[in-house]
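**Q** give me coordinates for this.
(2 chains)
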Number of protein chains: 2
Amino acid sequence: MTPGFGERLAEHVARRRSQLVLGLDPDPTRLWPAAPGPGEDAPPHDAQPLVRDDATAPTAASRAASAVVSHCGRVMAAVAPQCVAVKLQVACFERLGAAGWSALASAIAIARDHGLLVIADAKRGDIDVTARAYAEAFFGGAQTPFGPVPGLGVDALTVNALLGEDSVMPLLQGARAGGAGLFVLVRTSNPGAALIQDRVLDDGGTVSDALADLVRELGEAGTGPAGIADVGAVVGATVPGHLARLREAMPAAPLLLPGVGAQGGAVSALTPAFAPGRAGGLVAVSRGLVYAFEKAGGDPADAAREEASRLRALAWSLTGDA
Amino acid sequence: MTPGFGERLAEHVARRRSQLVLGLDPDPTRLWPAAPGPGEDAPPHDAQPLVRDDATAPTAASRAASAVVSHCGRVMAAVAPQCVAVKLQVACFERLGAAGWSALASAIAIARDHGLLVIADAKRGDIDVTARAYAEAFFGGAQTPFGPVPGLGVDALTVNALLGEDSVMPLLQGARAGGAGLFVLVRTSNPGAALIQDRVLDDGGTVSDALADLVRELGEAGTGPAGIADVGAVVGATVPGHLARLREAMPAAPLLLPGVGAQGGAVSALTPAFAPGRAGGLVAVSRGLVYAFEKAGGDPADAAREEASRLRALAWSLTGDA
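**A** Below you'll find the predicted structure:
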């Protein structure tokens, strides 16, 4: 039997001695300088030739997608040794259409080569029959009369549970079948999150608390000896005031903590996340690593590597010797 | 200046004399019988050649995607004259990967040929910078150093606003730039929707009511002479008890009403939706049309056409002569 996601996550964190997650939100207008410019082509990743829209001439989309894969590959090469996982922002690939979807598959293949767990940040959520289709897309693929169509095979997917438990269950079933997991949005990092998520319910808790209850309940059946569930939560690092309360409501959930750096969150405020163990908190940093050179100067890879090293040690030191 | 989505919707509804929306959630295992079976290829839609994963041999994904396009084309050919719009379930295309994303573009092109408005049912929602990327994907495309990458150019997108107003605004800006609109999830049609959406807040309203307030506020600047806003709401036809209250909270919002048929909703219960005019309610039917032949017998196209004709007349009669 495949070990559950919580077990796999705990093992990865311990082995790689890192709780740092590289966020990749590739913007074709802000790729690392050495990525191919207009008129040049990057060679696609060996394992996953890029789709061309018309099977012959490259289009703007296929060229942008190739450059995005090249960029993602170089960022991963720079910082992967400091990281336990990569979080791929699916929107940034979807805007390149079919070529972007192929680029996403290529970026996943590169992450595997570096031994990184892969989190698809797609924030999906829909009614049961549709949630099953998303589970096929992101996890194990679809059986069709034309043959099996592979899914992206990610290790975890971010999920929006506004539609309730019956919208999450098909995703969880799809995830568990392959030892993968979910991160349910509980309290996001953006300023507008307060509008709905912080609203107080008639039982005295907030909408975020209700989502946290769902995370705890769904994860109970998926918590193994390491004490980390296979249903985690997204809790913004920008709202440390919520962290202790939400950790109490979800004692075994791994918390995916975006918002450090560009969004203003600080690693040192994240201590409550690590209550169930080192894999209890995953510090997701995107722009703070990729664009570290804009502040630090010098080579983008060197600046990213140094910042990743600093953040890895900082997070690790919150739970013992760095 | 491009007319706003509310104006365009009202014009389409009046001209086509229909409030019926064909939902397409194509399942490769349940395509109409005459679609190509295993080992056969359907010719791709002329305007949008299908992507091949490796530019040469067809894969299971590209064959399934071709068959899905063919199926969608035949369903639209059967029922488009009875409909004002098509609602494409993005998950069903995403599960076919890059080829599925091309199939989605092809299905959109076919819908345009039939004069249908196109609603992408993707339920997206994310923080600002990411929401802008989704806006590029679904509406006007992305400007890149490699040239402009076209977006899907849909007329409307379904949106999950759990992340608040700052997650919706970039989508709305992207939509408005091309006369498109949004449908924000307010009360979905599934049984589990109650878990979060029906929770009572300390102000006495529910989470759905708070979402409805947001819909009204966002749509005020986008309501033209026809009295229909460019920010609509998804309200399940399965919960008619909520409809009058939510209509009152969002007087100008077009309501996208899924759940008639397979999910148990009845057209006759939808009268409050049409308070602002005939374009105030859009009756979205998916399985009830596509699989009408399983109940009625006979040819799938004939059964779908008859059921579409019946539902169109039924909805139209709620607001005057059918």
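
**Q** not counting sequence-adjacent ones, nearest residue to A:G100?
**A** A:F93 (4.1 Å; CB to CB, 6 or more residues apart in numbering or on different chains). Placement of C-beta: from N, CA and C, glycine included.

**Q** that neighbour against A:A103, yeah?
**A** Yes - between A:F93 and A:A103 a contact is recorded at 5.5 Å, counting by CB atoms under 8 Å.

**Q** residues shared between the contacts of these two?
**A** Common neighbours of A:F93 and A:A103, counting by CB atoms under 8 Å, 6 or more residues apart in numbering or on different chains, are A:65, A:68.

**Q** quick check, the residue in the stretch 201-322 of chain A closest to chain B?
**A** Going by CB to the nearest CB, chain B is nearest to A:D202 of the stretch 201-322 of chain A, at 4.4 Å.

**Q** wait, what's in contact with that residue?
**A** Applying CB under 8 Å, 6+ apart, one finds that A:D202 lies in contact with B:199-202.

**Q** now with 7 Å?
**A** Neighbouring residues of A:D202 by CB atoms under 7 Å, 6 or more residues apart in numbering or on different chains: B:200, B:202.

**Q** quick one, what contacts A:A103?
**A** Counting by CB under 7 Å, 6+ apart, A:A103 has contacts A:50, A:65, A:68-69, A:93, A:96.

**Q** now do the helices in chain A.
**A** For chain A, the helices defined by DSSP state H occupy A:5-16, A:60-79, A:90-94, A:97-113, A:128-138, A:165-176, A:194-197, A:207-220, A:240-249, A:287-290, A:292-296, A:300-317.

**Q** now those helices in CSV, with mean pLDDT and distance to B:R15?
**A** Output for the helices of chain A, formatted as CSV (pLDDT from 0 to 100; distance: least, CB to CB, whole Å):
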stretch, mean pLDDT, distance to B:R15
helix A:5-16, 98, 52
helix A:60-79, 98, 34
helix A:90-94, 98, 32
helix A:97-113, 98, 31
helix A:128-138, 98, 31
helix A:165-176, 98, 36
helix A:194-197, 96, 37
helix A:207-220, 98, 41
helix A:240-249, 94, 50
helix A:287-290, 96, 47
helix A:292-296, 94, 52
helix A:300-317, 96, 54
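
**Q** run a quick neighbour tally on A:A177.
**A** Residues within reach of A:A177, counting by other CB atoms under 10 Å in any protein chain shown, total 12.

**Q** excluding chain neighbours, what is closest to it?
**A** Nearest residue to A:A177, sequence neighbours excluded (CB to CB, 6+ apart): A:G140, at 5.7 Å.

**Q** correct me, but that neighbour touches A:R176?
**A** No - here A:G140 does not reach A:R176: they are 10.3 Å apart, not a contact under CB atoms under 7 Å.

**Q** re earlier: out of the helices of chain A, deepest packed?
**A** A comparison of the helices of chain A by mean neighbour count, using mean count of other CB atoms under 10 Å in any protein chain shown, puts helix A:90-94 on top with a mean of 27.

**Q** which two in the contacts of A:A103 are spaced the farthest apart?
**A** A:L50 and A:F93 (11.8 Å; CB to CB).

**Q** measure A:D198 to chain B for me?
**A** Here A:D198 is placed at a distance of 9 Å from chain B (CB to the nearest CB, to the nearest Å).

**Q** next one: that residue relative to A:G241, how far apart?
**A** Applying CB to CB, to the nearest Å, the value for A:D198 to A:G241 is 10 Å.

**Q** A:P148 now?
**A** 47 Å.

**Q** the residue lying closest to A:G6 once chain neighbours are set aside: neighbour count?
**A** The shortest distance from A:G6 to any non-neighbouring residue, by CB to CB, 6+ apart, is to A:I228 (3.6 Å). Neighbourhood size, A:I228 [other CB under 10 Å]: 28.

**Q** contacting residues for A:I228?
**A** A:6, A:9-10, A:252, A:254, A:276-277, A:279-280.

**Q** let me have those in TSV, extended by distance to A:S309.
**A** Listed next are the contacts of A:I228 as TSV, based on distance: CB to CB, whole Å:
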residue	distance to A:S309
A:G6	27
A:L9	21
A:A10	22
A:A252	29
A:P254	23
A:P276	25
A:G277	22
A:A279	20
A:G280	22
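
**Q** list just the nearest of these to B:L185.
**A** A:P254 (26.8 Å).

**Q** would you confirm that the closest one contacts A:A279?
**A** Yes - assessed by CB under 7 Å, A:P254 is found in contact with A:A279 at 5.9 Å.

**Q** which residues do the two both contact?
**A** Common neighbours of A:P254 and A:A279, using CB under 7 Å, 6+ apart, are A:9, A:228.

**Q** of the two, which one has the most company?
**A** Comparing A:P254 with A:A279 by other CB under 10 Å, the one with more neighbours is A:P254, at 29 against 25.

**Q** and the closest residue to the more buried one other than its chain neighbours, bridged to which residues?
**A** Spatial nearest neighbour of A:P254, excluding adjacent residues (CB to CB, 6+ apart): A:G232 at 3.9 Å. Residues in a beta bridge with A:G232, per DSSP bridges, are A:F183.

**Q** who in the stretch 201-322 of chain A is up against chain B?
**A** By CB under 7 Å from any CB of the partner chain, the residues of the stretch 201-322 of chain A that approach chain B are A:201-202, A:207, A:210.

**Q** do that again at 10 Å, thanks
**A** Residues of the stretch 201-322 of chain A lying close to chain B (CB under 10 Å from any CB of the partner chain) are A:201-207, A:210-211, A:213-214, A:236, A:258-259, A:262-263, A:286-287.

**Q** list the contacts of A:A221.
**A** A:4, A:172, A:176, A:229-231 (CB atoms under 10 Å, 6 or more residues apart in numbering or on different chains).

**Q** relative to B:L246, which of these is nearest.
**A** Distance to B:L246, by CB to CB, is smallest for A:L172 among these, at 29.7 Å.

**Q** my guess is the closest one meets A:A131, correct?
**A** Yes - A:L172 lies in contact with A:A131 (CB atoms under 10 Å); the separation is 9.3 Å.

**Q** pull up the overlap in contacts between those two.
**A** Common neighbours of A:L172 and A:A131 (CB under 10 Å, 6+ apart) are A:V159.

**Q** burial measure for A:G297, as a count.
**A** By other CB under 10 Å, 9 other residues sit near A:G297.

**Q** show me the contacts for it.
**A** A:A303.

**Q** just the local confidence number for it, please.
**A** Per-residue confidence at A:G297 stands at 92 (pLDDT).

**Q** what sits against the closest residue to A:S309 other than its chain neighbours?
**A** Nearest non-adjacent residue to A:S309, counting by CB to CB, 6+ apart: A:Q82, 5.4 Å away. Contact analysis of A:Q82 by CB under 10 Å, 6+ apart lists A:16-18, A:20, A:22, A:289, A:304-313.
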